[in-house]
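# what's the 3D shape of this:
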Amino acid sequence: MLMPYRRVLAHAGARSFFLTGLLARAPMAMIGLGIVLLVEGVRGSYALAGLVTAAFVLSEGALALVQGRLLDRFGQAAVLVPATVVSNLSLVGLVVATTSGAPLALLLVLAALGGATFPQVGSAVRARWSFLLADRTAEKDTAYALEGVADESAFVVGPVLVTVLATTVHPTAGLLTAAVVALVGTLGFSRLRATQPPVRLTDDSVGPVAPLAWRSLLPATGVAIGLGVLFGGMEVATVAFADERANQSAAGLLLALWAGASLVAGVATGLVSWTVDAATRMRRFTAAFALVVLPLPFVPTLTLMAGLLLLVGLAVAPTLIAMVSAVEAGAPRDRLTESLAVAHTGLAVGVASGAALAGLVVEELGVSAAYAVPVVAMALGALAAQVSRQAGSPGRVAGSLPDTPISPRVGATFAPPADQ
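This is a model prediction of the structure:
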């Protein structure tokens, strides 16, 4: 049953960059919640925690596109290593500033710097898969599903780990652990240079670089924003939901159940041979997702919330996988990382907005009202998906020249990194 996954991992170098990429991305499931638990635990305010979390995620999203362009232009190792060093130093500074009573402005600056330089390993890993499996569409779908499973694995372990550390050891323990894991994983991933996509060397004499495929990218980014608001809002609202019932440590378990269900759905998604295109799948999955989250504001108990989050989780991975596949289907090969970064920016902007808005709603209107944030966001994301159209085969737009493995477009020259 798992043969499709074994097949893609059997390609030269794939297993190594997949495993180190998994470790490097694990903190994405820990940092946001770690900041919430740190700031709320030390400063006693969900609104403040939401603002600091939003500063991290919003700045990450704002600079993700720039980092994606740099990854394509200079190579992954040259960008990811300095980025992770600066990001982790900023997170350590945030911990020190929070516990020492520093003003809010300093917390926001440190969180923003940590987010702005946070390494975009997810986009880098997917770019490696796209390069490695350039002419194998079915295997690429399986690889993207595998990445979805990897993401969900992080969201199964991450929330539980960071919650246990922050609530039983010290409010700082969760975020500091996430920083260490990010550093080790990203450095390990960056050492694997043999599987890096070729560096794009722009040459004005050859012609302009292929434009981004906005026709497919904009609807997918709209879906990403909706998903992001849902993720950010759910994280803050669920911590507050458990706290309101005098069991804050249960928040990690609730979020892990949600992610666990998504992991199972992601595995199943990767085993399906789809007969419909990614844009159609994205439209259908987002519509179903919008319906599933409707009961969230009306759940009274932890037990019922656990059951609903299991159901909601089943919709997460298929929707994310379809969204990423829709982006990849229309992206020029030489701007794939950048295209993925645009969608990631939408996701990050959504997470930041959702976390900040949910934090404010919790304190002003209560926990139940905070769950309305992800409900409305998913409805808007589903609307955005309805305008999507399949842009064609990967890396092509109307009038493009035929692909080749090395130089898929006139206007961009490719060469391996000098240190490869």
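# what's the burial count for E364?
For E364, the neighbour count with other Cβ atoms under 10 Å is 10. Every residue, glycine included, has its C-beta placed from N, CA and C.
# Same check on the one 5 residues further on?
Around A369 sit 14 other residues, with neighbours defined as other Cβ under 10 Å.
# pretty sure it is touching P297, no?
Yes - assessed by Cβ atoms under 8 Å, A369 is found in contact with P297 at 6.8 Å.
# what are the ranges of the strands in this protein?
Under the criterion DSSP state E, the chain contains strands at 199-202, 412-415.
# what pLDDT, on average, does the first one get?
If you average the pLDDT over strand 199-202, you get 64.
# my read: D243 touches A251, true?
Yes - assessed by Cβ under 8 Å, D243 is found in contact with A251 at 7.3 Å.
# ok, the two, which is more surrounded?
The residue with more neighbours, out of D243 and A251, is A251; 27 against 17, by other Cβ under 10 Å.
# Quick check: the more buried one vs L165, distance?
Separation of A251 from L165 (Cβ to Cβ, to the nearest Å) stands at 13 Å.
# pLDDT value on V206, please?
Here the pLDDT value assigned to V206 is 48.
# What of G313?
G313 is given a pLDDT of 91.
# ditto for the one 4 residues further on
Note on A317: pLDDT of 83.
# I figured it was touching A259, is that so?
No - here A317 lies out of contact with A259, judged by Cβ under 8 Å, at a distance of 9.1 Å.
# Could you tell me how many residues sit around the closest residue to G122 other than its chain neighbours?
Spatial nearest neighbour of G122, chain neighbours left out: R25 (5.5 Å); criterion: Cβ to Cβ, 6 or more residues apart in numbering. R25 has 26 neighbours, counted by other Cβ under 10 Å.
# which ones are touching G228?
Taking Cβ atoms under 8 Å, 6 or more residues apart in numbering, we find G228 in contact with G346, L347, A348, V349, G350, V351, A352, S353, G354, A377.
# Turn those residues into TSV, including distance to V125.
Formatted as TSV, the contacts of G228 follow (distance: Cβ to Cβ, whole Å):
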residue	distance to V125
G346	19
L347	15
A348	17
V349	21
G350	21
V351	19
A352	23
S353	26
G354	24
A377	26
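# and the two most separated of those residues?
A348 and A377 (13.9 Å; Cβ to Cβ).
# so how far is F131 from F17?
Separation of F17 from F131 (Cβ to Cβ) stands at 11 Å.
# what residues are up against L257?
The neighbourhood of L257, defined by Cβ under 8 Å, 6+ apart, consists of A306, L309, L310, G313.
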